[in-house]
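> structure for the following, please:
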Amino acid sequence: MAQLSEPQRSSNVQQQRGFRVQAPLVESVSCYCRVDAGLKTVAGARKFVPGSKLCIQPDINPRAHKSKNGRRERTRVQPPLLSGLPDDLAIACLIRVPRAEHNKLRLVCKRWFRLLSGNYFYSLRKSLGMAEEWVYVFKRDRDGRISWHAFDPVYQLWQPLPPVPVEYGYALGFGCAVLSGCHLYLFGGKDPLKGSMRRVIFYSARTNKWHRAPDMLRKRHFFGACVINNCLYVAGGECEGIHRTLRSAEVYDPNKHRWNFISDMSTAMVPFIGVVHNGKWFLKGLGAHREVLSEAYSPETNTWGSITNGMISGWRNPSISMNGQLYALDCRDGCKIRVYEEESGSWKRFIDSKVHLGSSRALEAAALVSLNGKLCIIRNNLSISLVDISSPNKEVASNPQIWENIAGKGQIKTLFTNLWSSLSGRNSLKSHIVHCQVLQA
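The predicted structure is shown next:
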């Protein structure tokens, strides 16, 4: 009986023990690809590896065993943002383009779209003081349809926007707030057919598109909402059912991407005015029996407390907190402004434009917002006034720059036109502002 060689005996032993012997896919001595890189030809390789066979891998080429990093490096080679300029200089040029042209820049190519939709581009604009603030207004027309408009204070023009999502086309009592300076949220509300909603969506000023966000924990409409430390708070409101007026409150953290309940209010309330002042959220509204109620929420202690009577008695809508002061309007068209003095616990006259625009519904002041460091008054006819509140002791007559009227989409009517409209019975309101916010980009 022929004696087995050492490799054969080893193979038999492995088979007897149940091991499965699998032949290598490529023999290291027969693959030309494994030969020293200095041998450029198959003939040269055959001199050093006698009896070798063709490799089962693809045809030998100098790139056959390029590393993955090499392939990544090839994919990283992209055309420059601007021909003839390095990308850092190109970005330095693009961040100086006015915001009104950004929608056109996004259409140039994919690289420009990604650049103008990301945080890096707008963080540079903000750090260099080039970010622009626009006023966004939601209006309801006579038929109940919601539309919105964006006002560019640089060109003093109303800019086009994508349509309002269908679910908010006719919604009632929905909330509106801004997070991260560039995301405008719409949340809650009542659909005329489906009733109260938990839905949350947001518009990004950087992408000019609408996006979905996590739904609220409770369905509610006609509720209070505010933003503290870039977190969205909602409280109270109404919902269909036996207990229509709500006490519950919740908060949304965009970093964690979820909602959480906070402490309930002391009593159920439907807020009609609210403001964040000195780190607290002040609310004033109606209770279940239509009585006037007020409460203040402290996010640090997660507790609700009472509000002084002096603040409540003179508190009118709209109002705003700026530079540590609480301001409210003293007349229907917003030409007189008052400020709340905590020392005396009362509201005092702050500034008067001395130009009364009229008392029609179209000229009624609907919102107060902060725009480029000035107090901005927006009226139902989309006329806008900017007030410099840094110099309250100066007279408007001798310092016209303190009070500036901007002719927006709705021109300010003359006194004669207002009088004629009242006499002819044409003073009915065609549309009115529901929400007003400022976005930065």
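
> which residues in the protein form helices?
With DSSP state H, the ranges of helices along the chain come out as 6-16, 42-48, 68-76, 87-94, 102-105, 110-116, 119-127, 309-313, 415-423.

> domain-wise, how is the protein divided?
As assigned by automatic domain parsing, the chain contains the domains 28-70, 78-127, 133-161+314-441, 183-307.

> make a markdown table out of those domains and add distance to residue 171, mean pLDDT and mean neighbour count.
Every residue, glycine included, has its C-beta placed from N, CA and C. Output for those, formatted as a markdown table (distance: least, CB to CB, whole Å; pLDDT from 0 to 100; neighbours: other CB atoms under 10 Å):
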| stretch | distance to residue 171 | mean pLDDT | mean neighbour count |
| --- | --- | --- | --- |
| domain 28-70 | 51 | 45 | 12 |
| domain 78-127 | 26 | 93 | 14 |
| domain 133-161+314-441 | 7 | 83 | 17 |
| domain 183-307 | 4 | 95 | 18 |
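
> how about the ones you listed in a markdown table, adding distance to residue 177?
Formatted as a markdown table, these follow (distance: least, CB to CB, whole Å):
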| stretch | distance to residue 177 |
| --- | --- |
| domain 28-70 | 46 |
| domain 78-127 | 19 |
| domain 133-161+314-441 | 7 |
| domain 183-307 | 5 |
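
> out of these, the one nearest residue 173 is which?
domain 183-307 (3.6 Å; CB to CB).

> measure residue 77 to residue 391 for me?
56 Å (CB to CB, to the nearest Å).

> chain neighbours aside, what residue packs nearest to residue 335?
The shortest distance from residue 335 to any non-neighbouring residue, by CB to CB, 6 or more residues apart in numbering, is to residue 353 (4.4 Å).

> the one you found against residue 400, yeah?
No. Counting by CB atoms under 8 Å, residue 353 sits too far from residue 400 to count as a contact (10.0 Å).

> what sits closest to the most centrally placed residue in the chain if chain neighbours are left out?
Nearest residue to the geometric centre of the chain (CA atoms, centre = their mean): residue 183, 0.3 Å. Excluding the flanking residues, the one nearest residue 183 by CB to CB, 6+ apart is residue 202, at 4.8 Å.

> tell me, how many residues neighbour residue 311?
Neighbours of residue 311 under the rule other CB atoms under 10 Å: 20.

> ok, now which ones touch the nearest residue to it once chain neighbours are set aside?
Sequence neighbours aside, residue 340 is the residue nearest to residue 311 in space, at 6.0 Å (criterion: CB to CB, 6+ apart). By CB atoms under 8 Å, 6 or more residues apart in numbering, the residues touching residue 340 are 311, 314, 315, 325, 326, 327, 328, 346, 347, 348.

> would you turn these into a markdown table with distance to residue 284?
Formatted as a markdown table, the contacts of residue 340 follow (distance: CB to CB, whole Å):
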| residue | distance to residue 284 |
| --- | --- |
| 311 | 9 |
| 314 | 11 |
| 315 | 6 |
| 325 | 18 |
| 326 | 13 |
| 327 | 16 |
| 328 | 11 |
| 346 | 16 |
| 347 | 14 |
| 348 | 19 |
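
> so which of the domains of the chain comes closest to residue 167?
domain 183-307 (5.9 Å).

> what is the nearest of the contacts of residue 340 to residue 101?
Nearest member of the contacts of residue 340 to residue 101, counting by CB to CB, is residue 327, at 34.0 Å.

> what's across from the closest one in the sheet?
With DSSP bridges applied, residue 327 shows beta-bridge pairing to residue 320, residue 339.

> would you mind measuring from it to residue 175?
22 Å.

> could you do residue 164 as well?
14 Å.

> and those two? Which one has more around it.
For residue 164 versus residue 175, the count of surrounding residues by other CB under 10 Å is larger for residue 175: 22 against 19.

> what's the closest non-adjacent residue to that one?
residue 225 (3.9 Å).

> with residue 295 instead?
Per CB to CB, 6+ apart, closest to residue 295 is residue 304, 4.9 Å.

> residues contacting the one you found?
Contacts of residue 304 by CB under 8 Å, 6+ apart are 263, 264, 265, 266, 295, 296, 297, 298.

> cutoff 7 Å now
The contact partners of residue 304, by CB atoms under 7 Å, 6 or more residues apart in numbering, come to 263, 265, 266, 295, 296, 297.

> give the bridge partners for it, please.
Counting by DSSP bridges, residue 304 forms beta bridges with residue 297.

> how about residue 152?
residue 157.

> what's the answer for residue 368, then?
residue 377.

> does the residue nearest to residue 175 touch residue 237 like I think?
No. Residue 225 sits out of contact with residue 237 when judged by CB atoms under 7 Å, with a separation of 9.2 Å.

> state the distance from the residue nearest to residue 310 when sequence neighbours are not counted to residue 364.
Nearest-residue entry for residue 310: residue 345, 3.4 Å, with adjacent residues in sequence omitted and distances by CB to CB, 6+ apart. When CB to CB is the yardstick, residue 345 and residue 364 sit 28 Å from each other.

> can you check residue 290 too?
From residue 290 to residue 364 the distance is 23 Å (CB to CB).

> out of the contacts of residue 340, who's nearest residue 219?
residue 315 (28.5 Å).

> list the contacts for that closest one?
With CB under 7 Å, 6+ apart, residue 315 has these contacts: 273, 284, 328.

> now do residue 155
Residue 155 sits in contact with residue 100, where contact means CB under 7 Å, 6+ apart.

> export the contacts of residue 304 to TSV and tack on distance to residue 214?
Output for the contacts of residue 304, formatted as TSV (distance: CB to CB, whole Å):
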residue	distance to residue 214
263	21
265	23
266	28
295	26
296	27
297	22
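
> nearest to residue 385, of the residues you listed?
Looking across the contacts of residue 304 and measuring by CB to CB, the closest to residue 385 is residue 296, at 29.5 Å.

> gap between the closest one and residue 280?
Taken as CB to CB, the span from residue 296 to residue 280 is 5 Å.

> cool, residue 137 as well?
Distance of residue 137 to residue 280, computed by CB to CB: 27 Å.

> do the same with residue 256
Taking CB to CB, one finds residue 256 at 23 Å from residue 280.

> swap in residue 252?
Distance of residue 252 to residue 280, computed by CB to CB: 19 Å.

> please apply the same query to residue 246.
From residue 246 to residue 280 the distance is 21 Å (CB to CB).

> how close does the residue lying closest to residue 86 once chain neighbours are set aside sit to residue 353?
Leaving aside its sequence neighbours, residue 86 sits nearest to residue 80 (CB to CB, 6+ apart; 7.1 Å). With the distance defined as CB to CB, residue 80 ends up 52 Å from residue 353.
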